[in-house]
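K.L.:
pasting the structure only:
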């Protein structure tokens, strides 16, 4: 060893030894070990620091851009509230709502309209979007939409339960059969053991039925309960008993044509979170 050789030369050259000429291998090894230890510690510290820095950088990545959400018109109140909360959490993100009749929204997407997120009032319609290749990945159910009876203000026909839907003496409005709310009308009739005596099969969906109740064109209508608020003080709600009521699955998915999948995924994560559920139930939706 280098240090030992130098020590032996020094001992043989000096008349009065200034250092001990005994076996110094143990002290040399100790010195080398001491010298190596800080280097090892420094390397580990550097590695840990780099890892910490990388983790912090990943955590601090902010979302920025514009998110376009296509959804049913009756979801307006919920989505406006969700938009406000999401934008507050992500100041560099702007959410734009494209609200309308769901079949029309699907047609727009097929014709090339660019958007990021699709919301449907039922899983069946979302399934159609998936079959058409419009969505990316699996959709998520974030709430349930129960049905309810809507009547003109004051309930002049004295409607109390779903039996009114089968009363031929009343003017009854339900959704067109091909629409989600129309399919739910059939399910409810089966559970309640009634035959609906429909005078109006509304192609405008649940909002159209609410409108006809608000103008007195019908005595009772079957609609998504969350749509009734749009009728204001011109309509009233009659709840349906839980044992016969039905509900649809409000579903959400990222669209294939999204310009920013990260923002879309974050918005869906919010809708399906506890905070999103609290917002939905506060707007009359049910937990999925």
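P.N.:
That came through, no problem. Keep in mind that what you see is a predicted model, and the values were worked out from it rather than measured.
K.L.:
got any ranges where this structure has weak pLDDT?
P.N.:
Scanning the chain for pLDDT under 70 picks out 1-61.
K.L.:
longest strand of it, counting residues only.
P.N.:
If you go by DSSP state E, the chain has its longest strand at strand 135-152.
K.L.:
next SSE downstream of that strand?
P.N.:
strand 172-175 (DSSP states H and E).
K.L.:
and that next one, what does it pack onto?
P.N.:
helix 180-192, strand 200-202, helix 205-214, strand 220-224 (3 or more Cβ pairs under 8 Å, 6 or more residues apart in numbering; DSSP states H and E). C-beta here means a position set from N, CA and C on the backbone, and glycine is covered the same way.
K.L.:
kindly reformat these as CSV containing distance to residue 103 and mean neighbour count.
P.N.:
Shown next, in CSV, are these (distance: least, Cβ to Cβ, whole Å; neighbours: other Cβ atoms under 10 Å):
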stretch, distance to residue 103, mean neighbour count
helix 180-192, 10, 19
strand 200-202, 13, 19
helix 205-214, 9, 24
strand 220-224, 16, 29
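K.L.:
now tabulate the ones you listed in CSV and tack on distance to residue 131.
P.N.:
Formatted as CSV, those follow (distance: least, Cβ to Cβ, whole Å):
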stretch, distance to residue 131
helix 180-192, 16
strand 200-202, 25
helix 205-214, 21
strand 220-224, 24
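K.L.:
report the central residue of the protein.
P.N.:
Centrality entry for the chain: nearest residue to the mean C-alpha point is residue 268, 2.4 Å, by Cα atoms, centre = their mean.
K.L.:
that one is in contact with residue 251, isn't it?
P.N.:
No - using Cβ atoms under 8 Å, residue 268 makes no contact with residue 251, being 10.3 Å away.
K.L.:
between these two, which contacts overlap?
P.N.:
140, 142 (Cβ atoms under 8 Å, 6 or more residues apart in numbering).
K.L.:
burial count for residue 128?
P.N.:
For residue 128, the neighbour count with other Cβ atoms under 10 Å is 16.
K.L.:
now it: which helix or strand?
P.N.:
helix 123-131.
K.L.:
likewise residue 103?
P.N.:
Counting by DSSP H and E, residue 103 is part of helix 102-110.
K.L.:
return the set of buried residues in that helix.
P.N.:
102, 105, 106, 109 (16 or more other Cβ atoms under 10 Å).
K.L.:
helices or strands next to that helix in the packing?
P.N.:
Counting by 3+ Cβ pairs under 8 Å, 6+ apart, helix 102-110 packs on strand 65-72, strand 117-120, helix 123-131.
K.L.:
contacts for the longest one, please.
P.N.:
Contacts of helix 123-131 with the rest of the structure, by Cβ under 8 Å, 6+ apart, involve 102, 106, 109, 118, 120, 135, 139, 141, 180, 183, 248-249, 251, 253.
K.L.:
and for the shortest one?
P.N.:
With contact meaning Cβ under 8 Å, 6+ apart, strand 117-120 is reached by 67-72, 75, 79, 102, 105, 109, 126, 129, 134-135, 180, 250-255, 258, 264, 267-268.
K.L.:
repeat for stretch 257-274
P.N.:
63, 65-67, 69, 82, 85-86, 89-90, 93, 95, 109, 114-117, 136, 140, 142, 252-255, 276, 280.
K.L.:
6 Å instead, please
P.N.:
With Cβ atoms under 6 Å, 6 or more residues apart in numbering as the test, stretch 257-274 has contacts from 63, 65, 67, 86, 93, 114, 116-117, 140, 142, 252, 254, 276.
K.L.:
ok, stretch 139-157 next?
P.N.:
Taking Cβ under 6 Å, 6+ apart as the rule, stretch 139-157 contacts 121, 126, 159, 170, 184, 210, 213, 216, 219-221, 223-226, 228, 234-238, 240, 245-253, 271-272, 280, 285-286, 288.
K.L.:
now that stretch: how far from the chain's centre is it?
P.N.:
22 Å (Cα atoms, centre = their mean, to the nearest Å).
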